[in-house]
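Enquirer: My questions concern the predicted model and sequence given below.
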Amino acid sequence: MVDANGFTVSGNPLSAPSGIATDAAGNVYITGMYSRNGFKITPSGVITLIIDRVGSQYGAAFGGASDIAIDSGGNVFVVSAHRVFRVSVGGAISVFFDDTTPDVYGNFLTDLEGVAADPSHAQTIATCG
C-alpha cells in the first residue's frame, strides 16, 4: 500500500512515513516526517489528506510529523516538532498541546516524539528532550 517512495494525493506527497495508527473501523492513519502531513486510508483504499504543513487555522505551523494516535471518539492526534495537533471527527484542526506551556509544576516538555490515546480519551505525550 505504502512504500519508501510514499504516494501523492491532490498534490500532497507522503515523504518519510513516520507514524502509523489504526482505528476501530479499520482505517489506517499515517504521517510524513519530511512532507509534514498526515493521511487517512480507508479499508477500500481511499486516501484523504487530514493535515498538512499549514497546521491549524490559528497560524500554528505543522512541522515534521513523528507520531499519530486515534482515540475511541475518532479524534486524531498528530505530533509535530513542538505541538500536538487534534483533528476532530469533523476535520477541525486545533492545537491540543504546545511545548511553550509549562505543566502545573513549571516543567516544559520539549522535542515531542510520541502520542498515545486510550479508550477513556486520555492522551499521553512522549518527549526525548
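Expert: Noted; the coordinates are in hand.
Enquirer: burial measure for residue 96, as a count.
Expert: Close neighbours of residue 96, defined as other CB atoms under 10 Å, add up to 18. All C-beta spots, glycine's among them, are computed from the backbone N, C-alpha and C.
Enquirer: same question, residue 106
Expert: Residues within reach of residue 106, counting by other CB under 10 Å, total 6.
Enquirer: Local confidence estimate at it?
Expert: pLDDT, residue 106: 78.
Enquirer: Likewise for residue 109?
Expert: So, for residue 109, pLDDT stands at 71.
Enquirer: if I look at it, how far off is residue 31?
Expert: For residue 109, the distance to residue 31 (CB to CB, to the nearest Å) stands at 19 Å.
Enquirer: Looking at the two, which has the bigger crowd around it?
Expert: The residue with more neighbours, out of residue 109 and residue 31, is residue 31; 28 against 19, by other CB under 10 Å.
Enquirer: need the contact list for the more buried one.
Expert: With contacts defined as CB atoms under 8 Å, 6 or more residues apart in numbering, residue 31 is in contact with 17-20, 37-39, 65-68, 78.
Enquirer: Quick check: bridge partners of it?
Expert: Counting by DSSP bridges, residue 31 forms beta bridges with residue 19, residue 38.
Enquirer: Alright, calling it a day.
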